[in-house]
Structure formats: structure tokens, C-alpha cells
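*Asks:* model this:
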Amino acid sequence: MPLVSAERGIISPLKFITIAEDIGFINELGYQIIKTAMGEFRHFSQRASLKDDFLLHINVSPWQLNEPHFHERFTTIMKETGLKANSLCVEITETVIERINEHFYLNIEQLRKQGVRISIDDFGTGLSNLKRFYEINPDSIKVDSQFTGDIFGTAGKIVRIIFDLARYNRIPVIAEGVESEDVARELIKLGCVQAQGYLYQKPMPFSAWDKSGKLVKE
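*Replies:* Numbering: from 1, shown residues only. Alright, predicted model coming up:
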């Protein structure tokens, strides 16, 4: 979720997340993002006809998952906004999964018990630690755009390995950064049924979706 500044326009999360982590503000910022995302999603879903499997994916910092009572605060926000657990998916970036403590798995376990799904984001950027993959046992994985974008190059073998791993474990794969029909067709050959990227739609605020009903139907 980008920040919108009257002076600087749209600010990418890649810029402000690192700063927030460095100054120790990432946890409170994260909760504000979760609350805003859930609130807007609830407001939007009340006016749109969504499919039952339509999910709100929320990127969560490992620092938050390391907090003893993260799942409790997450649940409180969920109840305040009136969302159901089975409409939510928490995304964890694979490259930061190493920075975890004993509360990490407890929070994931408690969220999953409620029906919240867990996804590993940017999958493929941390292939050296497949042990974490099996420990987390995600409900889905998202292939990093650097691999899908180079699927016809040297990254093609990595993408195929990821799909084979997911197929063996019966885990859905979501391809990130799809920008061309050729890449989309190649992913379909591998069994990919979910993807995101500029080929389909650029990022937009929930308010803009009111004018894009076809996106919801598709």
C-alpha cells in the first residue's frame, strides 16, 4: 500500500518501509496499514459483487509477527471492520523469514486456526532455506517478478522448479510481475491459474474499483 503525499505524490512502500523499520516505527505503521486495508476492503465489498474466493492480501512485516500478541491485535481489527477470517490472506516476504523468533510460528498458527490464509511472498528469492517453507506450510506462494520476467531466460528453470515443488505439495502458485501475453501463456503451460501484473491492471486505490466493475467479475 503506497503513501499519498500532497507534496511528493505517491510514495512506494519500498522507500518508507525501510525507514520505518530503522526508526522502530514499523509495528504501529503496520497496524495502521492493516486497519486501513481492512476498512477500505469492507467498504468496497459492501458495494461490489465479489466471488466467494475473493481475498484481501495484506503484507505483514516479520517484526509484527515476532510480537507476542500480534494475532490478538489482528483479530481485534478484523472484528472491528466486520471482515471474516476466510476473506483474508497474510503475506510474508520470503527474504525476511530468517528474522523471526518464537512468537512468529505461534501467531501464524493462531491466525490459521481462525481461517486466515498464509502466503509466502517473493518466493524464489530465498531458495536456500526450504526448511522454512515446510515449517510455515503456506496456503499459497507468490513467485517473485524477477523470475517470471525472465521465464524465457536463465530464470526459467527456477520457475519450473517452484511450480514442481508447489504441485508436489498441492499449494497454489500466484505469479507476480506478469507484463506480456507470452509470459502469461508460458505460465499457463506450467499450470499457473493466478497471476498479477501490468498485463492485467496497474495498482489502483479501492475508490477507483467502483468504476472498474469488470475487474471484479473477472
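
*Asks:* for the chain, what spans make up the helices?
*Replies:* 13-22, 26-45, 62-65, 70-81, 102-114, 130-136, 145-148, 156-168, 181-189, 206-209, 213-217 (DSSP state H).

*Asks:* quick one: distance of stretch 183-196 to the chain centre.
*Replies:* Chain-centre distance of stretch 183-196: 18 Å, with Cα atoms, centre = their mean, to the nearest Å.

*Asks:* quick one: average pLDDT of that stretch?
*Replies:* Per-region confidence: stretch 183-196 scores 95 on mean pLDDT.

*Asks:* distance check, the nearest residue to K35 once chain neighbours are set aside against I58.
*Replies:* Spatial nearest neighbour of K35, chain neighbours left out: I77 (5.1 Å); criterion: Cβ to Cβ, 6 or more residues apart in numbering. Backbone N, C-alpha and C define where each C-beta goes, glycine included. The gap separating I77 from I58 is 10 Å, by Cβ to Cβ, to the nearest Å.

*Asks:* now do the residue nearest to V193 when sequence neighbours are not counted against M38, distance only.
*Replies:* Among residues not flanking V193 along the chain, P172 sits closest, at 7.5 Å (Cβ to Cβ, 6+ apart). Using Cβ to Cβ, one gets 23 Å for the distance from P172 to M38.

*Asks:* grab the most central residue of this structure for me.
*Replies:* Taking Cα atoms, centre = their mean, the centroid of the chain lies closest to E91, which sits 3.8 Å from it.

*Asks:* can you pull up the bridge partners for that one?
*Replies:* Assessed by DSSP bridges, E91 has beta-bridge partners N59, S119.

*Asks:* ok, it touching F123?
*Replies:* No. Contact criterion Cβ atoms under 8 Å: E91 and F123 do not qualify, at 10.4 Å.

*Asks:* show me what contacts the nearest residue to L106 once chain neighbours are set aside?
*Replies:* Among residues not flanking L106 along the chain, H71 sits closest, at 7.6 Å (Cβ to Cβ, 6+ apart). When contacts are counted by Cβ atoms under 8 Å, 6 or more residues apart in numbering, H71 touches 106-107, 110-111.

*Asks:* dump the C-alpha coordinates for stretch 162-175 into CSV.
*Replies:* In CSV, the C-alpha atoms belonging to stretch 162-175 read as follows (Å, rounded to 0.1, in the frame of the first residue of the first chain):
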residue,chain,number,x,y,z
ILE,A,162,9.0,-23.7,-8.0
PHE,A,163,5.9,-25.0,-9.8
ASP,A,164,7.0,-28.6,-9.4
LEU,A,165,7.6,-28.0,-5.7
ALA,A,166,4.2,-26.4,-5.3
ARG,A,167,2.4,-29.1,-7.3
TYR,A,168,4.0,-31.8,-5.2
ASN,A,169,2.8,-30.1,-2.0
ARG,A,170,-0.6,-29.2,-3.6
ILE,A,171,0.0,-25.5,-3.0
PRO,A,172,-1.4,-22.8,-5.4
VAL,A,173,1.0,-20.5,-7.1
ILE,A,174,0.5,-16.8,-7.9
ALA,A,175,2.8,-15.3,-10.5
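
*Asks:* cool, thanks, signing off.
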